[in-house]
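**Q** Here's my sequence, what's the structure:
(2 chains)
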Amino acid sequence: KNQVEQSPQSLIILEGKNCTLQCNYTVSPFSNLRWYKQDTGRGPVSLTIMTFSENTKSNGRYTATLDADTKQSSLHITASQLSDSASYICVVSAKNDYKLSFGAGTTVTVRA
Amino acid sequence: GAGVSQSPSNKVTEKGKDVELRCDPISGHTALYWYRQSLGQGLEFLIYFQGNSAPDKSGLPSDRFSAERTGGSVSTLTIQRTQQEDSAVYLCASSSGTGGLKTQYFGPGTRLLVL
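**A** Take a look at the predicted model:
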């Protein structure tokens, strides 16, 4: 069964600090991995997408990495802002399958 | 342009009642998905529509759940005889086609509470 596990479940950081979120997956055959940001009361919004050949992708202060050999990904948030408070969801897609595998998410709280 | 919209945004109902949740996808998107998001869990796939093809209903948890998509656009998810365990956020997403490289755009969700 395709699975996506994220850690930590939640974290609290001070404004301006950095943090890193982890994602491990067992989805196979692998197609791509996305990180989504979900603000409270909103739907998820795609931040980054990485295919097998890509090992890093940035979107502003968000940088995602992918190690397809170990099936691990991370999302690094630099110089956090209050608006970064949200749930970050790792989503993995298998080849030739429109169904996505979702992690449970990491809830990030940024405090002033 | 407008994104995916869903209505109602919140729904409180009594156990045993039927509810209808609506999704308006992005105009021109041929693929539409329904997901359920329970607290502390990942999104759970419910049903998938693609163009005029037969929908993939494999994720529907019971025969109390059904969905339709009229005219290849608006979709309605119906839950009959609601149970307390149906309480969750129901998210709709649409994309311009199938395949993992196609970005799914999500609506804000409908928060369903069954008392």
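**Q** Who are the contact partners of residue A:92?
**A** Listed by Cβ atoms under 8 Å, 6 or more residues apart in numbering or on different chains, the contact partners of residue A:92 are A:2, A:4, A:25, A:27, A:30, A:32-34, A:100-101. Placement of C-beta: from N, CA and C, glycine included.
**Q** let's see 7 Å
**A** Neighbour list for residue A:92: A:4, A:25, A:27, A:33, A:101 [criterion: Cβ atoms under 7 Å, 6 or more residues apart in numbering or on different chains].
**Q** Which strands and helices lie in contact with the helix or strand containing the last one?
**A** When you say that, I think you mean residue A:101. Using DSSP states H and E, residue A:101 sits within strand A:100-102. Contacts defined by 3 or more Cβ pairs under 7 Å, 6 or more residues apart in numbering or on different chains; DSSP states H and E place strand A:100-102 against strand A:86-94.
**Q** So what does residue B:96 have for phi and psi?
**A** The phi/psi pair for residue B:96 (degrees, to the nearest 10) reads phi -80, psi 0.
**Q** For chain A, what lies in contact range of chain B?
**A** Contact residues (Cβ under 7 Å from any Cβ of the partner chain) of chain A with chain B: A:4, A:31-32, A:41-44, A:46, A:93, A:98-99, A:102-104.
**Q** and the residues you listed as TSV, adding pLDDT?
**A** As requested, those are arranged in TSV below (pLDDT from 0 to 100):
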residue	pLDDT
A:4	95
A:31	91
A:32	93
A:41	89
A:42	92
A:43	93
A:44	94
A:46	93
A:93	91
A:98	84
A:99	86
A:102	93
A:103	94
A:104	94
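**Q** Tabulate the contacts of residue A:92 in a markdown table, adding columns for neighbour count and secondary structure.
**A** Shown next, in a markdown table, are those (neighbours: other Cβ atoms under 10 Å in any protein chain shown; DSSP: H, G, I helix; E, B strand; the rest coil):
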| residue | neighbour count | secondary structure |
| --- | --- | --- |
| A:4 | 23 | strand |
| A:25 | 22 | strand |
| A:27 | 22 | coil |
| A:33 | 28 | strand |
| A:101 | 21 | strand |
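**Q** Out of these, flag the one nearest to residue A:16.
**A** Of all the contacts of residue A:92, residue A:33 has the smallest distance to residue A:16: 27.8 Å, by Cβ to Cβ.
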